[in-house]
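J.: this is a predicted model, with the sequence first.
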Number of protein chains: 2
Amino acid sequence: MATGRTHRPATRSRGIPEATVARLPLYLRALTALSERSVPTVSSEELAAAAGVNSAKLRKDFSYLGSYGTRGVGYDVEYLVYQISRELGLTQDWPVVIVGIGNLGAALANYGGFASRGFRVAALIDADPAMAGKPVAGIPVQHTDELEKIIQDNGVSIGVIATPAGAAQPVCDRLVAAGVTSILNFAPTVLNVPDGVDVRKVDLSIELQILAFHEQRKAGEEAAADGALPTAARAGSADQGPDGDVPAVMPA
Amino acid sequence: MATGRTHRPATRSRGIPEATVARLPLYLRALTALSERSVPTVSSEELAAAAGVNSAKLRKDFSYLGSYGTRGVGYDVEYLVYQISRELGLTQDWPVVIVGIGNLGAALANYGGFASRGFRVAALIDADPAMAGKPVAGIPVQHTDELEKIIQDNGVSIGVIATPAGAAQPVCDRLVAAGVTSILNFAPTVLNVPDGVDVRKVDLSIELQILAFHEQRKAGEEAAADGALPTAARAGSADQGPDGDVPAVMPA
DNA sequence: CCATCTTTGTGCACACGTTCACAAAGACAT
DNA sequence: ATGTCTTTGTGAACGTGTGCACAAAGATGG
């Protein structure tokens, strides 16, 4: 999912699978909730239910971190919180910059979940000179001209891009040149980065399109089950019989 | 990624792999850009580069849709746009409701990418009576009491949850009860839904934590390469030697 | 009409991820 | 101390996704 090519040729035995890494934050959240309710221990079954995964997967995930459970009892909540936090690198503080303070950028700046877990908004950056100095979420917006200086002064290694699509790649290039090695991209564009830089993307439009696909499939199936009577929901979709494949609009 | 258990036991040959479905929107975006530049055809190599994937994967992805290319030439841009749009169900219009019009909900409502591709914001819903009637992105916010009526009147099958974590599950339950079968969840919670309902989640905090993990790994490696001299970046991380595993905080 | 050249579509091998199912570990009671 | 009962940790089987490498398809030029 990140960039880089065949990243990690299993260099070290410390190789935790990507899929596991992606679930650790989920476990951590569930464990934090338990911790706040002062629950001392939890079984893989209970925790798996809370995290929305199956218990075998959870146990295998934890087995990559080490043997932190006690058979017949379960896992010590506080201890696990600490181990996972450490594994994810949340025992240290990560300064983050947000570039592009439009609707979305402002929403991100205001998002509480940021600060809660080891992340600190070091700066808000926008290209609009009119925004400069204006405080958003209590932090004054700075102009793009300052980008390199901000990155370097604060030792920022994680950048969030919330600019329009067109501005994303140039901003990305500048962030990387200034020393950022991890980027969270909200702009609907593919970012090109050199090796060693990780990019994760969040794209509303893509998520909706994936949902639409499944939604359409459900509608089609339902129609088929209803006795091949198309429902009103099947608006513009071409008649897709058992192997429907109408050329329809084939140009040229 | 969706919910449901062993969903789709390969019922039909029409079974497009999830991984492929998730990439179709990416291809579609790249193709749309080409279309706007009036590029008539594109090779798998070119399109793959534009979409940020490798060309073999792209060709295999397209092969699940059918044989839409011409050997020696490439793919007809317009035709592919149409085929992918149809496959994703974007030839019809999907009314969407956004529940929770805080910073994020407002940002989503204002997001242009929504309307651009088959999605129409049918309503904005918030629990705060003070918000009722107030227009956001040109659409008046309606109160949660109206939720069921709105869903039914507009035939909404896709809901976006942008509420605080605590409100997400109750809202989800109401959406599902009212007939929504696809949910895009921005709240940091695991949602429980009945079979047949798809949930996709977008979680800023999780993405950042994944980046932090890789960032820490990079820092650790770099330090090791630098001759085992820890850099300033390695703040709170416990000394993780070849198999470092300091109990440190083990409670109880 | 034939030769050449480009680019697709896909069989195959491999890597990664998931799930099952069970032996081993330990708690706890007697 | 011994036995029972719970729950972990993991080997093995399976399923999904990825990438190579190449034959087949068709365009294009002579």
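T.: Structure's in. What do you need?

J.: CA atoms for contacts and neighbours, from now on please.
T.: Fine.

J.: so which residues of the stretch 1-150 of chain A form strands?
T.: With strands called from DSSP state E, counting those that start in this stretch, the stretch 1-150 of chain A shows them at A:41-42, A:69-70, A:74-76, A:94-99, A:119-126, A:135-136, A:139-143.

J.: single out the most deeply packed of those strands.
T.: Mean neighbour count, computed with mean count of other C-alpha atoms under 10 Å in any protein chain shown, is highest for strand A:94-99 among the strands of the stretch 1-150 of chain A, reaching a mean of 24.

J.: need the pLDDT of the closest residue to chain B within the stretch 151-252 of chain A.
T.: At 4.4 Å from chain B, residue A:213 is the closest residue in the stretch 151-252 of chain A, using C-alpha to the nearest C-alpha. Residue A:213 carries a pLDDT value of 98.

J.: wait, it touches residue B:87, no?
T.: Yes - counting by C-alpha atoms under 8 Å, residue A:213 does reach residue B:87; the two are 7.0 Å apart.

J.: worst-scoring helix or strand of chain A, pLDDT-wise?
T.: Sorting the helices and strands of chain A by mean pLDDT, DSSP states H and E puts helix A:113-116 at the bottom, at a mean of 75.

J.: for that one, packing partners?
T.: strand A:119-126, helix B:204-225 (3 or more C-alpha pairs under 8 Å, 6 or more residues apart in numbering or on different chains; DSSP states H and E).

J.: CA atoms of that helix as PDB?
T.: This file holds the C-alpha atoms of helix A:113-116, laid out as PDB (Å, rounded to 0.1, in the frame of the first residue of the first chain):
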ATOM      1  CA  GLY A 113      -7.600  12.300  17.400                       C
ATOM      2  CA  PHE A 114      -4.400  14.000  16.200                       C
ATOM      3  CA  ALA A 115      -2.900  15.100  19.400                       C
ATOM      4  CA  SER A 116      -4.400  12.200  21.400                       C
END
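
J.: circling back: format the strands of the stretch 1-150 of chain A as CSV; extra columns: distance to residue B:194 and mean pLDDT.
T.: Shown next, in CSV, are the strands of the stretch 1-150 of chain A (distance: least, C-alpha to C-alpha, whole Å; pLDDT from 0 to 100):
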stretch, distance to residue B:194, mean pLDDT
strand A:41-42, 25, 98
strand A:69-70, 31, 96
strand A:74-76, 28, 98
strand A:94-99, 37, 98
strand A:119-126, 35, 97
strand A:135-136, 40, 98
strand A:139-143, 42, 98
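
J.: possible to save these as JSON lines with distance to residue B:121?
T.: Output for the strands of the stretch 1-150 of chain A, formatted as JSON lines (distance: least, C-alpha to C-alpha, whole Å):
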{"stretch": "strand A:41-42", "distance to residue B:121": "42"}
{"stretch": "strand A:69-70", "distance to residue B:121": "47"}
{"stretch": "strand A:74-76", "distance to residue B:121": "45"}
{"stretch": "strand A:94-99", "distance to residue B:121": "27"}
{"stretch": "strand A:119-126", "distance to residue B:121": "28"}
{"stretch": "strand A:135-136", "distance to residue B:121": "27"}
{"stretch": "strand A:139-143", "distance to residue B:121": "30"}
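
J.: any chance of those in JSON lines, plus distance to DNA strand C?
T.: Converted to JSON lines, these look like this (distance: least, C-alpha to the nearest atom of the strand, whole Å):
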{"stretch": "strand A:41-42", "distance to DNA strand C": "11"}
{"stretch": "strand A:69-70", "distance to DNA strand C": "6"}
{"stretch": "strand A:74-76", "distance to DNA strand C": "9"}
{"stretch": "strand A:94-99", "distance to DNA strand C": "25"}
{"stretch": "strand A:119-126", "distance to DNA strand C": "25"}
{"stretch": "strand A:135-136", "distance to DNA strand C": "38"}
{"stretch": "strand A:139-143", "distance to DNA strand C": "38"}
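
J.: picking that back up, buried deepest among the helices and strands packed on helix A:113-116, which one?
T.: Of all the helices and strands packed on helix A:113-116, strand A:119-126 has the most neighbours on average by mean count of other C-alpha under 10 Å, namely a mean of 21.

J.: specify the local secondary structure of residue A:184.
T.: With DSSP: H, G, I helix; E, B strand; the rest coil as the basis, residue A:184 sits in strand.

J.: which residues are in contact with it?
T.: Contact partners of residue A:184, counting by C-alpha atoms under 8 Å, 6 or more residues apart in numbering or on different chains, are A:158, A:159, A:160, A:161, A:199, A:200, A:201, A:202, B:207, B:208.

J.: tell me the two of those that are most distant?
T.: The two members of the contacts of residue A:184 with the most space between them (C-alpha to C-alpha) are A:158 and A:202, at 15.0 Å.

J.: more neighbours: which of these two?
T.: More neighbours surround residue A:158 than the other of residue A:158 and residue A:202, with 26 against 16 (other C-alpha atoms under 10 Å in any protein chain shown).

J.: tell me the contacts of the nearest residue to the more buried one once chain neighbours are set aside?
T.: Once flanking residues are discounted, residue A:158 sits nearest to residue A:182: 4.8 Å by C-alpha to C-alpha, 6 or more residues apart in numbering or on different chains. For residue A:182, the contacting residues are A:157, A:158, A:159, A:197, A:198, A:199, B:211, B:215, by C-alpha under 8 Å, 6+ apart.

J.: how far away is the closest residue to the residue of the stretch 151-252 of chain A closest to chain B other than its chain neighbours from residue B:23?
T.: With sequence-adjacent residues excluded and distances taken as C-alpha to C-alpha, 6+ apart, residue A:213 is closest to residue B:88, at 4.4 Å. From residue B:88 across to residue B:23, the span is 11 Å (C-alpha to C-alpha, to the nearest Å).

J.: who has more neighbours out of these two?
T.: residue B:88 (24 against 17).

J.: tell me the pLDDT at the more buried one?
T.: At residue B:88, pLDDT is 97.

J.: what's the domain layout of chain A?
T.: A:18-88, A:94-203 (automatic domain parsing).

J.: which of these sits most buried?
T.: Most buried of these by mean neighbour count (mean count of other C-alpha under 10 Å) is domain A:94-203; its value is a mean of 19.

J.: quick check, residue A:188 in contact with residue A:166.
T.: No - here residue A:188 lies out of contact with residue A:166, judged by C-alpha under 8 Å, at a distance of 9.0 Å.

J.: ok, which stretches of the stretch 151-252 of chain A are helices?
T.: A:165-178, A:204-225 (DSSP state H, counting those that start in this stretch).

J.: interface residues of chain A facing DNA strand C?
T.: Within chain A, the residues that sit near DNA strand C (C-alpha under 7 Å from any atom of the strand) are A:9-10, A:17-20, A:53-54, A:56-57, A:60, A:70-73.
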